[in-house]
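In: here's a sequence, model it:
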Amino acid sequence: MKDLFGQALLDYQNGNYTEDIITSTNISSEDTLPIPYLFRSFLDMPKLEQKALNLAKGKVLDVGCGAGSHSLYLQEKGLIVKAIDISEGAITVCEKRGVSNTEIKDLLNEVDTFDTILLLMNGTGIFQELLQVSTYLNHLKSLLSPNGQILIDSSDIKYMYEAEDGGLWIDMNTNYYGELDYFLSYKGKKEKPLKWLYLDFNTLLTACHSTGLQCELISEGEHYDYLAKLSVKD
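Out: As a prediction, this is how the structure comes out:
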């Protein structure tokens, strides 16, 4: 991995912002990810993210923290926050912005316990594929303190397969329709493709039940997106 995402964040943080990140998937054309958006304030965040941050309590783990915008907001509210990301550049930016507790770490290597675990900006993406969902959910469950919660968002991207006649052109003989190949480029350089998972709520609900987690739909967004709260069954 070249960590082009981290490099883009560093460029912005260091005043070298000249262009944005370009993304695409195997089912969608190129799109622009504006780097300033990753440094947004609470007021500029989508309603689902604001809702999640308002529900956060106790000791918090911010998974895939990026530039640290969520962590900074919660810190300012007085919460104890640990921010983790696999991007070295992202963690450096978090530190420069004032996030107190950071670590370059994959979620599956985390061992501490938390009252709130945040997975936002399509938090199910890091599960990569449907076959790995139970592995991640079981690990997340092991990181929860008593009465802890996981706040996670995603989208049902079934709409991306709609035909003009209103039908769907999903091939039922292939993998789950939310499994995508994700491509990222920055300043003419291309990152290795990533596996990225968009998980519809009913599929998440089923996976949670099989791992002993309660799954509650907290809120739905304006474009097939949703926020869910996961907790250990009583």
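
In: mind checking how far the residue sitting nearest the centre point of the chain is from residue 52?
Out: Centre of the chain computed as the mean C-alpha position; nearest residue by Cα atoms, centre = their mean is residue 123, 2.8 Å away. Using Cβ to Cβ, to the nearest Å, residue 123 is found at 9 Å from residue 52. Every C-beta, even on glycine, is put in place using the N, C-alpha and C of the backbone.

In: between these two, which contacts overlap?
Out: Counting by Cβ atoms under 8 Å, 6 or more residues apart in numbering, the residues touching both residue 123 and residue 52 are residue 153.

In: buried residues, the strand ranked longest in the chain. List them.
Out: The residue-count maximum for a strand in the chain (DSSP state E) belongs to strand 144-155. Residues of strand 144-155 classed as buried: 144, 148, 149, 150, 151, 152, 153, 154, 155 (neighbour count, 16 or more other Cβ atoms under 10 Å).

In: then stretch 93-105?
Out: 93, 94, 97, 99, 101, 102, 105.

In: got the end-to-end distance for that stretch?
Out: With Cα to Cα, to the nearest Å as the measure, stretch 93-105 spans 15 Å from end to end.

In: so how far is that stretch from its chain's centroid?
Out: Remark: stretch 93-105 is offset 17 Å from the chain centroid, using Cα atoms, centre = their mean, to the nearest Å.

In: endpoint to endpoint, stretch 105-125 covers what distance?
Out: Stretch 105-125: ends 16 Å apart by Cα to Cα.

In: chain center to that stretch, what's the gap?
Out: Relative to its chain's centre, stretch 105-125 lies at 9 Å (Cα atoms, centre = their mean).

In: how close does the residue nearest to residue 1 when sequence neighbours are not counted get to residue 181?
Out: Of all residues not flanking residue 1 in the chain, residue 192 sits nearest, at 6.1 Å (Cβ to Cβ, 6 or more residues apart in numbering). According to Cβ to Cβ, residue 192 and residue 181 sit 10 Å apart.

In: okay, those two: which has more neighbours?
Out: Using other Cβ atoms under 10 Å, the more surrounded residue of residue 192 and residue 181 is residue 181, with 12 against 9.

In: which SSE is that one in?
Out: strand 179-186 (DSSP states H and E).

In: picking up where we left off before, which strands and helices sit next to the longest strand of the chain?
Out: Under the contact definition 3 or more Cβ pairs under 8 Å, 6 or more residues apart in numbering; DSSP states H and E, strand 144-155 sits against helix 47-55, strand 114-119, helix 201-210, strand 225-232.

In: my guess is residue 211 contacts residue 141. True?
Out: Yes. Using Cβ atoms under 8 Å, residue 211 is in contact with residue 141, at 6.3 Å.

In: any idea how many residues pack against the closest residue to residue 41 other than its chain neighbours?
Out: Of all residues not flanking residue 41 in the chain, residue 69 sits nearest, at 7.4 Å (Cβ to Cβ, 6+ apart). As a burial measure, residue 69 scores 25 neighbours (other Cβ under 10 Å).

In: same deal with residue 194?
Out: Look at residue 194: counted by other Cβ under 10 Å, it has 16 neighbours.

In: which residue, other than its chain neighbours, is closest to it?
Out: Residue nearest to residue 194 in three dimensions, not counting chain neighbours: residue 182, with 4.5 Å by Cβ to Cβ, 6+ apart.

In: residues contacting residue 4?
Out: 21, 184, 185, 186, 187, 189, 190, 191.

In: bridged to the closest residue to it other than its chain neighbours, which residues?
Out: The shortest distance from residue 4 to any non-neighbouring residue, by Cβ to Cβ, 6+ apart, is to residue 186 (4.2 Å). Per DSSP bridges, the residues bridged to residue 186 are residue 189.
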